[in-house]
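Asks: What follows is a predicted structure for the sequence shown.
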Amino acid sequence: MTQIAEVDSLDIQIVVDNVTDSLSSVPSFVETELGGLGRRRGGAWVLGGNCLCCAAHGLSCLLTLSAGGKTRSVLFDSGPEDRTFEQNVSRLGLDLGPLEAIVLSHGHWDHAGALLRALQLARDRNGGREVPCYVHPDMFRSRALRLPDGSFRPMEDVPSPAALAANGGKVMSSREAQTAAGGTVFVSGEIPRRSGFEIGLPGQHRRTEDGGGWELDELLIDERFIAVNVRGKGLVVLTACSHAGVINVLAHARDCFPGIKLHAVLGGLHLSGPNERVIPQTVTALGGFGLDVIAAGHCTGWRAMTALANAFGDSKLVPLAVGKKLRF
């Protein structure tokens, strides 16, 4: 059994997501973007476009953990590009100075495009000290999608280990499970693929080792999830894109922590595009984990969100949006 320290509370601030939504009602443990804006600025502000976050295709979450009177901060992914990330950090009033770690979930541009800027912002506030960056060695292979005509659409590379190091990142590269932030955040190793129906990202390829061609890479073995054990609630699992399949993710989390209840899953479930065909199996299998919260966003897709709403209702489903804060 993997060891993980229990925390007293966990806040997850959504820094980047595909959607903006401050008008829909939310459960008591969720704060909307506008709700947070009112709290931060009090009564002395005027609602307008210059105070709002920007939605973008990607995901970034700032975790604030409290344990034994100590507060810790971890960034999970950065979203697709500098401008959106920096603007949202500013408008949400976030301080990246206390960051103890940055975790990259997998090697895709929409989760890594602002990593270097995140490091710069953190080091501007922390006196220039290094920030540990948890990565998998296969995240840095160039990737592409194969199009119906047989050609390849290259993806933007994620920042290299050398670039991370040059910008003050202490690169922690491993295929195995690790812990970060004083043992309070579990960073998974490679996720076993066992569900039988979760097939990864159809059509994705990566550069061969010799750089001369492309090879099939639909499983994205470099993807990892993170998890936090919250006192009195259980395990909160963050899966940024679920290319491994959210059922495989949750099954592995349960195997890693067999004595801890699975309380929540948060992130992109990647049930859009070709993966829409596995929505029924995924929704049915999710019911077997006894989750209290399903906080879905980013690449989940509207068809899957509709199916999740029909299956679980407001009692469990919490759609993500940029600027929202979830408190566990």
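Replies: Happy to help now that I have it.
Asks: what secondary structure does R39 sit in?
Replies: What DSSP: H, G, I helix; E, B strand; the rest coil gives for R39 is helix.
Asks: G182 contacts V74, doesn't it?
Replies: No: with contact defined as Cβ atoms under 8 Å, G182 does not count as touching V74 (10.3 Å). C-beta coordinates here come from the backbone N, C-alpha and C atoms, glycine included.
Asks: ok, these two, which is more surrounded?
Replies: V74 (25 against 15; other Cβ atoms under 10 Å).
Asks: Just the element for that one, please.
Replies: Assigned by DSSP states H and E, V74 belongs to strand 70-76.
Asks: ok, and for that strand, which residues are buried?
Replies: By neighbour count on 16 or more other Cβ atoms under 10 Å, the buried set for strand 70-76 is 72-76.
Asks: quick one: contacts of that strand?
Replies: 15, 60-66, 96, 98-103, 105, 118, 122, 180-182, 184-185, 226, 238, 240 (Cβ atoms under 8 Å, 6 or more residues apart in numbering).
Asks: ok, it: who's next to it in the sheet?
Replies: strand 60-67 (antiparallel), strand 99-103 (parallel) (DSSP bridges).
Asks: Any chance of CSV for the ones you listed, columns mean pLDDT and mean neighbour count?
Replies: Output for the strands paired with strand 70-76, formatted as CSV (pLDDT from 0 to 100; neighbours: other Cβ atoms under 10 Å):
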stretch, mean pLDDT, mean neighbour count
strand 60-67, 98, 23
strand 99-103, 98, 24
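Asks: so which of those gets nearest A285?
Replies: strand 60-67 (23.9 Å; Cβ to Cβ).
Asks: got the contact list for the closest one?
Replies: With Cβ under 8 Å, 6+ apart, strand 60-67 has contacts from 5-16, 71-79, 85, 88, 94, 96, 111, 114, 181-182, 184-185, 228, 238, 266-267.
Asks: Only C-alpha atoms, please: export that strand in CSV.
Replies: Extracted C-alpha coordinates of strand 60-67, given in CSV (Å, rounded to 0.1, in the frame of the first residue of the first chain):
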residue,chain,number,x,y,z
SER,A,60,-4.8,24.0,-14.9
CYS,A,61,-5.6,23.6,-11.2
LEU,A,62,-3.9,25.2,-8.1
LEU,A,63,-4.2,23.0,-5.0
THR,A,64,-3.9,24.5,-1.6
LEU,A,65,-3.6,21.9,1.2
SER,A,66,-3.8,22.4,4.9
ALA,A,67,-2.3,19.8,7.3
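Asks: For it, what is the distance to the chain centroid?
Replies: Here strand 60-67 is found 12 Å from its chain centre; the criterion is Cα atoms, centre = their mean, to the nearest Å.
Asks: Number the residues from 510 up from this point.
Replies: Shifting the count to begin at 510 puts that one at strand 569-576.
Asks: picking up where we left off before, which among the contacts of strand 569-576 end up buried?
Replies: 514, 516, 518-525, 581-588, 594, 597, 603, 605, 620, 623, 690, 693-694, 737, 747, 775-776.
Asks: Cross these against helices and list the overlap.
Replies: 594, 597, 620 (DSSP state H).
Asks: quick check, nearest of the residues you listed to A813?
Replies: H620 (18.9 Å).
Asks: for the closest one, what are its contacts?
Replies: 567-569, 586-589, 613-614, 667, 749-750.
Asks: Check V524 too.
Replies: So V524 contacts 569-571, 584, 588, 594, 597-598, 601, 603, 831 (Cβ under 8 Å, 6+ apart).
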